[in-house]
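Asker: here is my input, please return the structure:
(one chain, ligands or ions: 2)
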Amino acid sequence: MKILGIETSCDETAVAVVKSGTKILVSEIASQVEIHARYGGIVPEVASRQHILAIIPILKQAITKAEIDWSDLDGIAVTMGPGLAGSLLVGVSAAKAIALAHSLPLTGVNHLEAHIYANWLNDKCPLFPLICLIVSGGHSDLVLMRDHLDYVLLGRTRDDAAGEAFDKAARILGLGYPGGPAIEKAAREGIASIKLPRAWLKGTNDFSFSGLKTALFQLVERGKISTVADTASSFQEAVIDVLVTKTVAAAKEHRVKQILLAGGVAANSLLHQRLKDNSPIPVLVPESILCTDNAAMVAASGYYQFQAGKISSLDLDVVPSLKIA
Ligand code: KG4
Ligand code: ZN
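Answerer: Ligands and ions are numbered 1, 2, ... in the order given. So this is what the prediction gives:
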């Protein structure tokens, strides 16, 4: 079964074709990051206009590269939320047009579930029950997954998402946008010598990173930091410490078989390493390029939805504030 995946929830226009939910035939990404970097963050109207420009060329490119014809496809999976409304609308409209023109079934995919399904895009088939930590620019969700498409939300961020915290910290430190890779790179040259607060929110699986961001801002304002590298390293340690401790505790409590990482922040190699070092069970993480936004994960997620008979009608709407459970 070959599924066409379309992703336009934020600032990447992405199209992929995935076979049987696991094998990527093609995965194309048109990134807008350089355009938004000028503004220090994503400008929603600019993002939707860029998707309009990119969507048809990238669709054609993907079909050509996969060496298939439209008639070889078995279904279309498109991100319906969460994300920016104007951006989501471009992908959903394109998906509907293709579904109608080629008489193909359509399924609307939750972007967060798609991030989890990036873990199926390799040979290691994840085992249920599992805990997944989704850490992206907009979300920090701790999810218990008992089977395909069966999610229980255990905890979420109460303020800034983990990726958002990285982006804001990078801005404070003058490291540019996107902040995650910039902080990770700067931190490699430093040592985590600065004491920064951790919000444990004991008795819950929730996260909070706004206090850490404020603490960092105040240190920089008062000129109390030694080097940018040491500060980036200390900040990264503080975020990872909380993410790892809470994820491992939830995994033990729910006696799961595996821990999965997902979302843009999962591309952080120290997060992966620390989780592996502290977990008594296997930790899976997608390849770096599949951690950040892509359409292969949307196609993989869509494949399991089609298997379960979850088909959307052509009046599918976008849901910008869609939750995972
Ligand atoms: O999943 P994603 O591509 O988009 C959303 O769905 O939000 O995640 C983007 C986020 C950004 O905040 C970015 O700074 C962060 O992921 N990120 C990282 C790294 N690479 C991307 N954070 C920490 N370390 C990284 N290496
Ligand atoms: Zn994402």
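Asker: tell me how far the residue in the stretch 101-250 of the chain that ligand 1 sits nearest to lies from residue 88.
Answerer: As assessed by C-beta to the nearest ligand atom, ligand 1 sits closest to residue 180 within the stretch 101-250 of the chain, at 2.0 Å. In short, each C-beta sits where N, CA and C put it, glycine included. To residue 88, residue 180 is 23 Å away according to C-beta to C-beta, to the nearest Å.
Asker: re earlier: touching, the residue of the stretch 101-250 of the chain closest to ligand 1 and residue 269? I think so.
Answerer: No - in this structure residue 180 lies outside contact range of residue 269 using C-beta atoms under 8 Å: 11.3 Å.
Asker: mind listing what's buried in the helix or strand residue 49 falls within?
Answerer: Element membership for residue 49 (DSSP states H and E) is helix 44-65. For helix 44-65, burial by neighbour count (16 or more other C-beta atoms under 10 Å) applies to 46-52, 54-55, 58-59, 62-63.
Asker: got the contact list for the helix or strand just after it?
Answerer: As assigned by DSSP H and E, the chain's next helix or strand after helix 44-65 is strand 75-81. Residues outside strand 75-81 that contact it (C-beta atoms under 8 Å, 6 or more residues apart in numbering): 1, 3-9, 88, 91-92, 94-95, 98-99, 104-111, 114, 298-299, 301-303, 305-306, 312, 316-322.
Asker: inside helices: which ones of those?
Answerer: Counting by DSSP state H, the contacts of strand 75-81 place 88, 91-92, 94-95, 98-99, 111, 114, 298-299, 301-303, 305-306 in helices.
Asker: so which of those reach ligand 1?
Answerer: On the criterion C-beta under 6 Å from any ligand atom, none of the entries of the ones in helices among the contacts of strand 75-81 sits beside ligand 1.
Asker: identify the structural domains in this protein and state their residue ranges.
Answerer: Domain ranges of the chain: 2-118+291-307, 127-286, per automatic domain parsing.
Asker: tell me the most buried of the ones you listed?
Answerer: Of all the domains of the chain, domain 2-118+291-307 carries the top mean neighbour count, a mean of 21, counting by mean count of other C-beta atoms under 10 Å.
Asker: now that one: mean pLDDT?
Answerer: For domain 2-118+291-307, mean pLDDT rounds to 97.
Asker: what's the offset of it from the middle of its chain?
Answerer: Domain 2-118+291-307 sits 14 Å away from the centroid of its parent chain (C-alpha atoms, centre = their mean, to the nearest Å).
Asker: is that domain positioned near ligand 2?
Answerer: Yes - under the criterion of C-beta under 5 Å from the ion, domain 2-118+291-307 makes contact with ligand 2 via residue 293.
Asker: how long is that domain end to end?
Answerer: 12 Å (C-alpha to C-alpha, to the nearest Å).
Asker: output the below-cut-off pLDDT ranges for the stretch 101-250 of the chain.
Answerer: Residue ranges of the stretch 101-250 of the chain with pLDDT under 70: none are present.
Asker: can we see that at 80?
Answerer: 224 (pLDDT under 80).
Asker: list the contacts for the one residue in it that gets nearest to ligand 2?
Answerer: Closest residue of the stretch 101-250 of the chain to ligand 2, C-beta to the ion: residue 136 (4.4 Å). If a contact means C-beta under 8 Å, 6+ apart, then residue 136 has 112, 115, 161-163, 262-265 as its contacts.
Asker: tell me the one of those residues nearest residue 242?
Answerer: The closest of the contacts of residue 136 to residue 242 turns out to be residue 162 (C-beta to C-beta; 9.0 Å).
Asker: now that closest one, nearest residue through space, not along the chain?
Answerer: Closest residue to residue 162 apart from its sequence neighbours, by C-beta to C-beta, 6 or more residues apart in numbering: residue 135 at 4.1 Å.
Asker: surely the one you found touches residue 267?
Answerer: No - look at residue 135 against residue 267 with C-beta under 8 Å: they stay out of range, at 9.7 Å.
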